[in-house]
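>>> give me the fold of what follows.
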Amino acid sequence: MLYRPATRPSLLRTVWDELQPYPGRLDLSVRMAVLCVLVVVVAMANKVPEAALSCYLIFFASKDNSGSGIIIGLGLILAASVGIMLGVLFLMISAGSPFMRLAFIAAFTFGGMYFSQATRLGPMAGTVGFVFAFVMTLYDIIPIAEILTRALTWMWVVVFFPMFFLVLINVVAPRSPARLLREILADRFNAAADLVAGVEGAEERAQTLLGEGNEKASTYQRMARLLSLATKTDNARSGSLIDLSYRMLALSLVRTQEGMEPQPELAVRLHGYAGAVSDKRLVERPVAALGARDELAELVDETGTALSPAYIPTAVEKEPGEPLLAPDAFRNPRYTQFALKTLLAVMICYIAYTALDWFEIHTAMITCFYVALGTTGETMHKLTLRIVGCLIGAAMGVGAIIFLMPHMTDIGHLVLLIGAGSFIAAWISNGSERISYMGWQAALAFFLCTLGGFGPVFDIGVATNRIIGIIFGNIVVSVIFSTIWPVSIGGNVRKALAGAIDVLASALRGKPLTTHRASAFYTSAREAGRGSELLEFESERVRKSEITSDEADILLSEIKALSAPVLVLASESQSLRGVPRYVKAATVRFESAVAQWLDNRASDIKNGHWADRARPWDGSVKNVEVAFARAQRQAADQGRRLPAAVRKEMAARLRLYRQMDARIAQMAANVRVA
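Below is the predicted model:
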């Protein structure tokens, strides 16, 4: 292979990397630990039941910025109020009929899981379905309606006061979304500066920042506007800088990949912009425009204008929003199959622990709701995180019960214990999606072990039962999702790979490299890489003839290699001015041939023919070379030379064409015919 992906790091290396500190991780972890301590103090002092659940809600609702934290905190209070009232209503309707309660459980489970896949609500819909379904099961252990109603009323308190503290800390000691947005912008400018300066390792950092897309930055911008942390002009300025910084970073990356000469003066200017953004100051004296007139220089000049007092808000391209319902919400059988698989798992777990009169393992039923995802790879990954996190939390909890609880005499000791355990779990949960759910489960298991009452806990039976429930739920879900209508994540990987290729094809058809298109390419590439990792969690039986992890990595590597010359070409503002028409015609034919080949390749990958349908490449660059040589000969015959700018552009474009030609030829050669 010409472009072979780097060897994937070992599991231990990946986990170690995921646990490394990053700016803001310590702050987030300490805040979550402090909130858990406050919740425990209030719960113990006022004898509020289910302190473990209250602490777990802190992990569930904590966000990295104050705006989102306040919204989700208030939203959960409102949801709990409405949900408990509806729960009481449904219990009143079904109290005397076990069959009706079972029907409600089935309906809520199916509806919640169906709409978690068929709408943008995602996990929120699944959580709503879980809450209503689980409330229906409580009548089995508390068959007296009055007592059950009081218990549900206490559940409102269990939700209210941790969310009150969450909102309070986000108001008193906020993590300003405006500041977090400035950090993202500064990171982009610094990364672009490192690229143009030729700093080693800058490409990997830029790939990571580009793979994140603009979703997080746009969220911070909206939250800053919502909390009135930015004026209308500043908010518009932020929108412009989000757009400019992303395009600048993308262009700097592909230029660097294509061997751009280091530009120290440009790097100094970009570092200056990063400092201005971080310090929340304007560029009072705009730097003189850069001499070279190319796309990168123009972006740098536009950024200087956006950071100057003379900035005038302009309309910024907005990424199109997704509809609430998926286009195939009522046609795609996979949504129904997913909901039915989850319903079957829930019913098996519910009937099992009810028949055994062993409610303490009800975590089996909960497991079914929270680990069931659209594909087998995602589901098995989350199952793994859940059980590993549970074992970590249980180990901490049991260790505390055996070695610490006998020596604890007051609430101060409990506070220290909860603070330490919460911090460890919070540190894990503030990692990437690779491990974050493991932190949630470690926290839940730890709280269940240590917060079983209003005094020291010495019974490890709670931890044992919860672990048994989680293991049982894991087994049920893994068997069902790998045997009944199994869905490999390979389809998602192929879709992401095809999406990245589609962006390159559109760029060759003259569509400008906008922020939206650049983001679509890099986020698709990141999604494909992430999906390739999850393919490792699927068995051969599930994958069948689906794409393998190695094949996905190789395809992604080839696409990334091709992207550099294509995106550099798409960013060029000039279009061979002053050359004969036959030269332009030759370049158009070549670019059209490349675009058509990419369209066909994307279609093959999307439709499952990534490795068994040959697409020979016959759009050789020789015709362009002949046209360029002919233009130079004609000029020489006329006793003149083509202008230096034209010769330079022709040479640069020919170099890009040759790279594209070689890389596509290699991609075509790598497709094996079945």
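
>>> so where is the chain shaky, pLDDT-wise?
The chain contains residues with pLDDT under 70 at 1-8, 285-293, 315-321, 573-576, 612-614, 672-674.

>>> give me the domain ranges for it.
24-175+334-483, 177-306, 490-573+580-669 (automatic domain parsing).

>>> mean neighbour count added to those, as a markdown table?
Any C-beta I mention is one placed from the backbone N, CA and C, and that applies to glycine too. Below are the domains of the chain laid out as a markdown table (neighbours: other CB atoms under 10 Å):
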| stretch | mean neighbour count |
| --- | --- |
| domain 24-175+334-483 | 19 |
| domain 177-306 | 19 |
| domain 490-573+580-669 | 19 |
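
>>> got a markdown table for those, with distance to residue 313 too?
Converted to a markdown table, the domains of the chain look like this (distance: least, CB to CB, whole Å):
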| stretch | distance to residue 313 |
| --- | --- |
| domain 24-175+334-483 | 22 |
| domain 177-306 | 4 |
| domain 490-573+580-669 | 17 |
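
>>> closest one to residue 9 among the ones you listed?
Evaluated with CB to CB, these place domain 490-573+580-669 nearest to residue 9, the distance being 10.6 Å.

>>> centre of the chain to that closest one, how far?
Its chain's C-alpha centre and that of domain 490-573+580-669 lie 26 Å apart, by CA atoms, centre = their mean, to the nearest Å.

>>> so which of the domains of the chain gets nearest residue 15?
domain 24-175+334-483 (6.9 Å).

>>> how far away from the center of its chain is the closest one?
Domain 24-175+334-483 sits 22 Å away from the centroid of its parent chain (CA atoms, centre = their mean).

>>> ends of it, what's the gap?
42 Å (CA to CA, to the nearest Å).

>>> which elements pack onto the strand or helix carrying residue 209?
Per DSSP states H and E: residue 209 is located in helix 202-211. With contacts taken as 3 or more CB pairs under 8 Å, 6 or more residues apart in numbering; DSSP states H and E, helix 202-211 sits against helix 177-197, helix 232-257, helix 515-534.

>>> and the domains of the chain: which comes nearest residue 11?
Judging those by CB to CB, what sits closest to residue 11 is domain 490-573+580-669, at 9.6 Å.

>>> what's the first-to-last distance across the closest one?
Per CA to CA, domain 490-573+580-669 runs 23 Å from first to last residue.

>>> mind listing the helices for the stretch 301-450 of the chain?
Ranges of helices in the stretch 301-450 of the chain, per DSSP state H, counting those that start in this stretch, are 333-355, 363-371, 376-399, 411-429, 436-450.

>>> can you put these in TSV and add distance to residue 496?
Below are the helices of the stretch 301-450 of the chain laid out as TSV (distance: least, CB to CB, whole Å):
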stretch	distance to residue 496
helix 333-355	17
helix 363-371	23
helix 376-399	13
helix 411-429	26
helix 436-450	21
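
>>> same for the host helix or strand of residue 169, what does it pack against?
Residue 169 belongs to helix 145-172 when elements are defined using DSSP H and E. Applying 3+ CB pairs under 8 Å, 6+ apart, one finds that helix 145-172 contacts helix 25-46, helix 51-61, helix 66-94.

>>> CSV for those, including distance to residue 651?
What follows is these, written out as CSV (distance: least, CB to CB, whole Å):
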stretch, distance to residue 651
helix 25-46, 48
helix 51-61, 58
helix 66-94, 50
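
>>> and residue 472, which of those helices is closest to it?
Comparing the helices and strands packed on helix 145-172 under CB to CB, the one sitting nearest is helix 51-61, at 20.0 Å.
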